[in-house]
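In: Please work out how this folds:
(one chain, ligands or ions: 2)
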Amino acid sequence: MARNERSFIDADDVGILDSPEAVLSTMNKEGDRRWLYPTPSKGFYYWWRLAVGWGLIALFVSLPWITINGKPAVLLDLMSREFTLFGTTFYPTDTLLLLGFALGTLVSIILISAIFGRIWCGWGCPQTVYLEFVYRPIERWLEGAEHVRARRDEGPLTFDKAWRKTAKWSVYAVISVALAHTFVSYFVGWERLLTWMQGDPRDHWGYFVMMAGTTALILFDFGFFREQMCTITCPYARFQSVLLDPHSLIVSYDEERGEPRGRGKERSELGDCIDCGACVRTCPTGIDIRDGLQMECVACTQCIDACDDIMDKMGWEPGLIKYTSEKALDGEKTNIVRPRTLLYSGVLLALTVFFVGLLWTRPTYDVNVARAVGEPFMVLPDDRVANRIRVRVRNQSATEARFTIGAEGIPDVQVNPVGPGETVLQPQEMRRTEAWIVVPPDVLERDRREVTVVLSFDDGTEKRIPFPMLSPHSSEAEDPEAINHEASPS
Ligand code: SF4
Ligand code: SF4
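Out: Ligands and ions are numbered 1, 2, ... in the order given. The predicted model follows:
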């Protein structure tokens, strides 16, 4: 069946999936795309998935607008290398925290997959949520039911076909633009995005290129590529054989109950599957769940709803296709607590303790003292020696902070700030300031050459940072690497 041939699956051609040439559910034997027209099955699971899906869409759209401690709930500012999550900003210096968060997320996915199978794919993945609950309903609204669309698609170009396609792609484009802006706002923030949108395009051409690219990708994915994202591209599906085991939750056909399948009136020798094809027609990845667990199955539960509806019409018990596990299908007990789930839970607990511990003990101020760029030292007219330092402080608290710079460790050491003596930092703000450290003549020759820079904050916090002084007597004065020395709080 070529792309422009009828490819809506009737009960009579469900068998196409059983042909030896059927390599992929979305490809026909000629190697062309088999365009799918999955029919919706509005049963028990559908309505729950619809509610969850729209809840996630609402969350996705609103998160960048929600502020906590004056910051967006989520802002992944790659340009500034600052990552704000629920009011807390992480910086490149928080490498361990970010690593703990990333590992925790990974282990959570592994644990959830081991217990609940591909529940993420069927219920939470944006690919499923937006395709099934936004893009396909629009298609159905503008182009009609599945069999109508299939027939129209295989027919010639008419006015009716043209305006419907144009209207659909126009609505798709508008939604894709809105989604692209929402997506990009996670990385630049809505305030900056609104400024760019209202400004002269020539001042923000990069923004337009980025937005056009993101919109095009979204449009291509949900308008054309669709289920192939799950069956061909997504790496998560490839890990299924490793992540799932016989105890994991899967969507499965009860072969013992259903076989031998058939449509005959004399049912005494047949199983409960009447071979109606409803489960195949509704499948968004085009597979036949009766062939067993397959990588293409995204556990969307549509075949459960479709089959339950058939069972209801036949006056039989639902559950010929159901959420179950391989163990349960074999008549054995499904265990949620098993060695691998215990191991994953233990690792997740350890990572959570590690993350919370690091967050709890995270210093309020991230401080760095370095030698200022330029002349490493200066001999003043009264023979005192001055070294210029550069101080970088990040206020990691949720309140305003002030600090002054002092020094100790050498008698009569003085600090002359470059600029105001007190520096004010807003919550989460990072500022740089500079100061001269001045010591008496000859002291560096006779005595210790290291001073302690003291940053005194208005909340009583003191940060003490050792800093090596340079003078005409220092051999390091000739060494550029020593001159560029940076110091952090000890
Ligand atoms: S929907 Fe149920 S009865 Fe119909 S073909 Fe699928 S498994 Fe058989
Ligand atoms: S086989 Fe069933 S659960 Fe799996 S993708 Fe198809 S409809 Fe969804």
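
In: contacts, neighbours, all on C-alpha from now
Out: OK.

In: which SS class is Ala386?
Out: Put simply, Ala386 is strand when judged by DSSP: H, G, I helix; E, B strand; the rest coil.

In: need the contact list for the residue of the stretch 51-200 of the chain found nearest ligand 2.
Out: Nearest residue of the stretch 51-200 of the chain to ligand 2 (CA to the nearest ligand atom) works out as Gly122 at 7.2 Å. Taking CA atoms under 8 Å, 6 or more residues apart in numbering, we find Gly122 in contact with Thr128, Val298, Ala299, Cys300, Thr301.

In: could you dump those to TSV with secondary structure and distance to Pro468?
Out: Shown next, in TSV, are the contacts of Gly122 (DSSP: H, G, I helix; E, B strand; the rest coil; distance: CA to CA, whole Å):
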residue	secondary structure	distance to Pro468
Thr128	helix	59
Val298	coil	61
Ala299	coil	63
Cys300	coil	64
Thr301	coil	67
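
In: And Val134, how far from Lys161?
Out: 21 Å (CA to CA, to the nearest Å).

In: oh, I was asking about Gly406
Out: From Gly406 to Lys161 the distance is 77 Å (CA to CA).

In: which parts of stretch 379-394 are buried?
Out: Residues of stretch 379-394 classed as buried by neighbour count (16 or more other CA atoms under 10 Å): Arg384, Val385, Ala386, Asn387, Arg388, Ile389, Arg390, Val391, Val393, Arg394.

In: circling back: any idea how far the residue of the stretch 51-200 of the chain closest to ligand 2 lies from Cys297?
Out: From Gly122 to Cys297 the distance is 9 Å (CA to CA).

In: same thing with Gly199?
Out: Distance, Gly199 to Cys297, by CA to CA: 46 Å.

In: now do Phe224
Out: For Phe224, the distance to Cys297 - CA to CA - is 19 Å.

In: Those two: which has the busier surroundings?
Out: For Phe224 and Cys297, the more surrounded residue by other CA atoms under 10 Å is Cys297, and the numbers stand at 25 against 11.

In: For Val453, give me its contacts.
Out: Counting by CA under 8 Å, 6+ apart, Val453 touches Ile405, Gly406, Ala407, Glu408, Arg464, Ile465, Pro466, Phe467.

In: Cross those against strands and list the overlap.
Out: Judged by DSSP state E, the contacts of Val453 include Ile405, Gly406, Ala407, Glu408, Arg464, Ile465, Pro466, Phe467 as members of strands.

In: and the first one, how far is that from Pro417?
Out: Taking CA to CA as the measure, Ile405 falls 7 Å from Pro417.

In: Kindly provide the distance from the residue of the chain most remote from its centre to Ser248.
Out: Ranking residues of the chain by C-alpha distance from their mean position (CA atoms, centre = their mean) puts Asp382 at the top, at 60.9 Å. Using CA to CA, Asp382 is found at 80 Å from Ser248.

In: what does Phe83 give?
Out: In terms of CA to CA, Phe83 sits 34 Å off from Ser248.

In: so where's the stretch 351-490 of the chain shaky on pLDDT?
Out: Where the stretch 351-490 of the chain drops to pLDDT under 70, the residues are 445-448, 474-490.

In: before we move on, back to that, you'd agree the residue of the stretch 51-200 of the chain closest to ligand 2 is in a helix?
Out: Yes - the assignment for Gly122 by three-state DSSP puts it in a helix.

In: those strands in the stretch 351-490 of the chain, which residues are they?
Out: Listed in chain order, the strands of the stretch 351-490 of the chain (DSSP state E, counting those that start in this stretch) span 365-371, 378-379, 385-395, 401-408, 414-418, 422-425, 430-439, 450-457, 462-468, 486-487.

In: I'd like a version of those strands in TSV, one that adds distance to ligand 2 as further columns.
Out: As requested, these are exported to TSV (distance: least, CA to the nearest ligand atom, whole Å):
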stretch	distance to ligand 2
strand 365-371	49
strand 378-379	73
strand 385-395	49
strand 401-408	54
strand 414-418	66
strand 422-425	53
strand 430-439	49
strand 450-457	59
strand 462-468	58
strand 486-487	56
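
In: Map the structural domains onto the sequence of this structure.
Out: Annotated domains of the chain cover 1-362, 365-487 [automatic domain parsing].

In: per-residue confidence for Lys1?
Out: Slight slip there: residue 1 is Met, not Lys. pLDDT recorded at Met1 is 37.

In: Would you mind giving the buried residues of stretch 379-394 as JSON lines with distance to Thr361 added?
Out: As requested, these are exported to JSON lines (distance: CA to CA, whole Å):
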{"residue": "Arg384", "distance to Thr361": "41"}
{"residue": "Val385", "distance to Thr361": "38"}
{"residue": "Ala386", "distance to Thr361": "36"}
{"residue": "Asn387", "distance to Thr361": "33"}
{"residue": "Arg388", "distance to Thr361": "31"}
{"residue": "Ile389", "distance to Thr361": "28"}
{"residue": "Arg390", "distance to Thr361": "26"}
{"residue": "Val391", "distance to Thr361": "23"}
{"residue": "Val393", "distance to Thr361": "18"}
{"residue": "Arg394", "distance to Thr361": "16"}
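
In: burial count for whichever residue of the stretch 301-450 of the chain sits closest to ligand 1?
Out: The stretch 301-450 of the chain approaches ligand 1 most closely through Cys307 (3.7 Å), counting by CA to the nearest ligand atom. Look at Cys307: counted by other CA under 10 Å, it has 27 neighbours.

In: For the top helix by length along the chain, list every residue counted as buried.
Out: If you go by DSSP state H, the chain has its longest helix at helix 159-188. Across helix 159-188, burial judged by 16+ other CA under 10 Å covers 164-165, 168-169, 171-173, 175-177, 179-188.

In: Equivalent analysis for stretch 46-56, please.
Out: For stretch 46-56, a neighbour-count test (16+ other CA under 10 Å) marks Tyr46, Arg49, Leu50, Gly53, Leu56 as buried.

In: which other residues reach the one helix or strand the first one maps to?
Out: Okay, so that is Tyr46. Using DSSP states H and E, Tyr46 maps to helix 44-62. Applying CA under 8 Å, 6+ apart, the external contacts of helix 44-62 come out as Trp123, Gly124, Val129, Tyr130, Phe133, Thr182, Thr301, Gln302, Ile304, Asp305.

In: any bit of that helix sitting next to ligand 2?
Out: No - Helix 44-62 is not in contact with ligand 2 by CA under 6 Å from any ligand atom; minimum separation 10.7 Å.

In: how about the CA coordinates for that helix, as CSV?
Out: Written as CSV, here are the backbone C-alpha positions of helix 44-62 (Å, rounded to 0.1, in the frame of the first residue of the first chain):
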residue,chain,number,x,y,z
PHE,A,44,-12.5,4.4,30.8
TYR,A,45,-8.7,5.1,30.2
TYR,A,46,-9.2,7.6,27.5
TRP,A,47,-11.0,10.1,29.8
TRP,A,48,-8.3,9.7,32.5
ARG,A,49,-5.6,10.2,30.0
LEU,A,50,-7.4,13.2,28.6
ALA,A,51,-7.6,14.8,32.1
VAL,A,52,-3.9,14.0,32.8
GLY,A,53,-2.8,15.2,29.4
TRP,A,54,-4.6,18.6,29.7
GLY,A,55,-3.3,18.9,33.2
LEU,A,56,0.2,18.5,31.9
ILE,A,57,-0.4,21.0,29.1
ALA,A,58,-1.7,23.5,31.6
LEU,A,59,1.4,22.9,33.7
PHE,A,60,3.8,23.3,30.8
VAL,A,61,2.2,26.5,29.6
SER,A,62,1.9,28.1,33.1
